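Trainee: I need the structure of the sequence given here:
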Amino acid sequence: MLKGGLCVAYLSLFVRLQLYLTQALTWRGPPLVFHSWWCVVWTVVLGHFVTRVGIVGCNWLMDPVVPDLVAGIKKRYPDIEVSVSAYPEKHPESASLDADIDVLKAKVDAGAARAITQFFFDNDLYNRYVDRVRARGIDIPIVPGILPVQNFKLAKNFATRAGATVPAWLAEKFDGLDDDADTRKLVAAAVAAGQVQKLAKHGVDNFHFYTMNRSDLVFAISHLLGFRANGAQKAA
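Mentor: Next up is the predicted model:
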């Protein structure tokens with residue numbers, strides 16, 4: 001419980017510094033480095049207004065402890081909306097998908113308002129996952145995580161570590177493009193936009209993009225989907 005308590009303490013500091021947080025995304029951080037704990041807050045500026053989003057991560061914060069972190073945040077700051085992680089193909093360290101959903105249920109019972117999934121490339125994985133989650137009585141939004149793949153080799157390595165499946169059809173689309181960055185970007189934008197459009201046809205209306213510091217690619221995808229910089233939206 002100490003680990004979650006440290007993260008709540010950091011969040012408390014940010015609130016006291018008058019960052020006016022309205023949302024917090026809690027997630028398990030990367031492996032412990034030099035036995036230090038760390039948390040980070042990102043301030044996202046959108047258009048003419050500012051949304052304050054607290055990103056709270058703790059090294060080696062095991063998933064069973066995350067519900068305690070959520071509960072700690074909600075107890076101290078009930079107005080902050082807390083989002084948590086979800087795994088359509090289960091977390092790499094979970095014993096089973098059912099065990100993973102048990103943890104998600106505990107996060108929801110602790111006060112989580114939304115779950116953002118690990119990225120996936122097969123929409124059926126997401127659809128089946130949502131069905132299983134709903135069958136467990138979990139009714140919060142399950143926001144699909146979308147990873148635009150511009151560098152296939154790096155994305156495949158990333159997916160391997162994250163326990164995400166990379167379908168053969170995706171590898172085929174990037175075959176022979178190792179030295180052609182421009183074409184890779186076009187393919188990446190088309191694939192990601194197509195994935196979003198198919199999910200939207202099934203009623204999904206919120207998406208989380210893993211930008212990997214490539215905002216230009218996500219901008220292109222958004223344009224393909226009908227979003228414009230001036231806020232207007234056309235049919236995708």
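Trainee: which secondary element of this protein has the worst mean pLDDT?
Mentor: Taking mean pLDDT, DSSP states H and E as the measure, the chain has strand 40-46 as its least confident helix or strand, at a mean of 33.
Trainee: so what's residue 191 up against?
Mentor: Each residue near residue 191 by CB atoms under 8 Å, 6 or more residues apart in numbering is listed here: 148-149, 170, 173. Where C-beta positions appear, they are placed from N, C-alpha and C, glycine not excepted.
Trainee: Between these, which sits nearest residue 207?
Mentor: Nearest to residue 207 among the contacts of residue 191 is residue 148, at 11.3 Å by CB to CB.
Trainee: you'd agree the closest one is up against residue 217?
Mentor: Yes. Between residue 148 and residue 217 there is a contact under CB atoms under 8 Å: 5.1 Å.
Trainee: out of those two, which sits in the more crowded spot?
Mentor: Between residue 148 and residue 217, counted using other CB atoms under 10 Å, residue 148 has the larger neighbour count: 23 against 20.
Trainee: Excluding sequence neighbours, find me the nearest residue to that one.
Mentor: Leaving aside its chain neighbours, residue 148 sits nearest to residue 192 (4.3 Å; criterion: CB to CB, 6 or more residues apart in numbering).
Trainee: do residue 113 as well
Mentor: Computed as CB to CB, 6+ apart, the closest residue to residue 113 that is not its neighbour in sequence is residue 81, at 4.8 Å.
Trainee: what helix or strand is residue 223 on?
Mentor: Secondary structure assignment for residue 223, by DSSP states H and E: helix 215-224.
Trainee: Then residue 116?
Mentor: Using DSSP H and E, residue 116 falls within strand 114-119.
Trainee: So in that sheet, which strands flank that strand, and in what orientation?
Mentor: Paired with strand 114-119 in the same sheet, following DSSP bridges, are strand 81-86 (parallel), strand 142-146 (parallel).
Trainee: tell me the most buried of these?
Mentor: strand 81-86 (a mean of 23; mean count of other CB atoms under 10 Å).
Trainee: Can you name the next helix or strand after it?
Mentor: helix 97-109.
Trainee: neighbouring contacts of that following helix?
Mentor: Contacts of helix 97-109 (CB under 8 Å, 6+ apart): 63-64, 66-67, 70, 84, 86-87, 89-91, 94, 115, 129, 132-133, 136-138, 140.
Trainee: low-confidence ranges in this structure?
Mentor: 1-65, 230-236 (pLDDT under 70).
Trainee: Tell me, how many residues neighbour the closest residue in space to residue 198 that isn't next to it in sequence?
Mentor: Leaving out its chain neighbours, the residue that sits closest to residue 198 by CB to CB, 6+ apart is residue 123, at 5.5 Å. For residue 123, the neighbour count with other CB under 10 Å is 18.
Trainee: any idea how far residue 123 lies from residue 137?
Mentor: 23 Å (CB to CB, to the nearest Å).
Trainee: now the top helix by length along the chain against strand 114-119, angle please.
Mentor: What stands out as the longest helix in the chain, according to DSSP state H, is helix 181-201. Per axes from the mean of the first three to the mean of the last three CA atoms, to 10 degrees, the angle that helix 181-201 makes with strand 114-119 is 140 degrees.
Trainee: picking that back up, from what I see, the residue nearest to residue 148 and residue 221 are in contact.
Mentor: Yes. Assessed by CB under 8 Å, residue 192 is found in contact with residue 221 at 4.9 Å.
Trainee: Would you quantify the distance from residue 125 to residue 84?
Mentor: Counting by CB to CB, the separation of residue 125 from residue 84 is 19 Å.
Trainee: I appreciate the help and will end here.
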